[in-house]
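K.L.:
this one's sequence-less:
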């Protein structure tokens, strides 16, 4: 069963427009969720994690347990935000700990 | 702290050869994870290791692929008799002990394997 769903494979917006990258999860325990970003041909970097409720590069994400969502938002997109974004769920069970990633959303911010 | 180090960055192998990918976790991290990223695909979990132990290899192909994380030295992902379909970016990540669940991972820069 797919635990992390990112319904949009591609998302294109204009500079200055709001952007929302969707992420839904399925998990029976108390979820811990993350957003990772991968700029062109670079390593994945942690963007933010829900547990710290931080805002990085203007991005925020709120965990909505009722809707089982963790959408990533930014009010005004910039061209340098163009990248691949992955939502990830931390799974734990016994001694098994791992991140399960969604398939990613490629965000393109047009000038 | 040098972060997660992967080498080589790029690896070209002919069909049938062996590929060995190395990953040194961040200092103080005892958990290593390998992921594969196929062209235009997301990250696929392969294997999760702790020192001298394979914890979860549910994402590893049943044949030709193996991984280890010895007591000394880096973690190794080994692909025997490579085929063109093995061409991908292979990312390693590490995390501290399981007590710090909110930490997430730190990723390496990846090894891009090309099978010709």
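P.N.:
Nice, thanks for sending it over. As the structure is a prediction and not an experimental result, all values here were calculated from the model.
K.L.:
where along chain A do the strands fall?
P.N.:
A:4-5, A:10-14, A:19-21, A:24-25, A:32-38, A:45-49, A:60-61, A:72-74, A:83-93, A:96-101, A:105-110 (DSSP state E).
K.L.:
next: chain B.
P.N.:
Using DSSP E, strands in chain B cover B:5-7, B:10-13, B:19-24, B:31-37, B:43-50, B:53-56, B:65-68, B:75-79, B:88-95, B:106-107, B:111-115.
K.L.:
mind listing what the residue of chain B with the smallest separation from chain A touches?
P.N.:
Nearest residue of chain B to chain A, counting by CB to the nearest CB: residue B:42, 3.6 Å away. Heads up, the C-betas are built off the backbone N, CA and C, glycines and all. The contact partners of residue B:42, by CB atoms under 8 Å, 6 or more residues apart in numbering or on different chains, come to A:86, A:101, A:102, A:103, A:104.
K.L.:
how about 10 Å then?
P.N.:
A:4, A:6, A:9, A:84, A:86, A:101, A:102, A:103, A:104, A:105, B:35, B:36 (CB atoms under 10 Å, 6 or more residues apart in numbering or on different chains).
K.L.:
same question, residue A:89
P.N.:
Here residue A:89 is in contact with A:3-4, A:23, A:25-27, A:29, A:31-34, A:70, A:98-102 (criterion: CB under 10 Å, 6+ apart).
K.L.:
and chain B, which of those residues reach it?
P.N.:
Near chain B, judged by CB under 10 Å from any CB of the partner chain, the entries from these are A:4, A:32, A:33, A:34, A:98, A:99, A:100, A:101, A:102.
K.L.:
who wins for most neighbours among the residues you listed?
P.N.:
residue A:102 (26 neighbours; other CB atoms under 10 Å in any protein chain shown).
K.L.:
how much space between that one and residue A:83?
P.N.:
14 Å (CB to CB, to the nearest Å).
K.L.:
same check, this time on residue A:13
P.N.:
From residue A:13 to residue A:83 the distance is 13 Å (CB to CB).
K.L.:
again, but for residue B:14
P.N.:
For residue B:14, the distance to residue A:83 - CB to CB - is 33 Å.
K.L.:
compare these two (neighbour count), which wins?
P.N.:
residue A:83 (20 against 8).
K.L.:
residue A:19 versus the more buried one, what's the distance?
P.N.:
Residue A:83 is 11 Å from residue A:19, by CB to CB.
K.L.:
list residues touching both of these two?
P.N.:
A:105, A:107, A:109.
K.L.:
and the strands of chain A, which one averages the lowest pLDDT?
P.N.:
Per-stretch mean pLDDT for those is lowest at strand A:96-101 (a mean of 76).
K.L.:
skip the chain neighbours and tell me the closest residue to residue 10.
P.N.:
No chain specified, so I'll use chain A. Leaving aside its sequence neighbours, residue A:10 sits nearest to residue A:106 (CB to CB, 6 or more residues apart in numbering or on different chains; 5.2 Å).
K.L.:
the chain in question should be chain B.
P.N.:
residue B:112 (5.1 Å).
K.L.:
contacting residues around the one you found?
P.N.:
Counting by CB under 10 Å, 6+ apart, the residues that residue B:112 touches are A:41, B:8, B:9, B:10, B:11, B:12, B:37, B:87, B:88, B:89, B:90.
K.L.:
same question for residue A:74.
P.N.:
A:13, A:17-21, A:55, A:57-61, A:81, A:107, A:109.
K.L.:
out of the residues you listed, which touch chain B?
P.N.:
Okay, of the contacts of residue A:74, nothing touches chain B (CB under 10 Å from any CB).
K.L.:
show me what counts as buried in stretch B:108-116.
P.N.:
Neighbour counts over stretch B:108-116 (16 or more other CB atoms under 10 Å in any protein chain shown) mark B:108, B:109, B:110, B:111, B:112, B:113, B:115 as buried.
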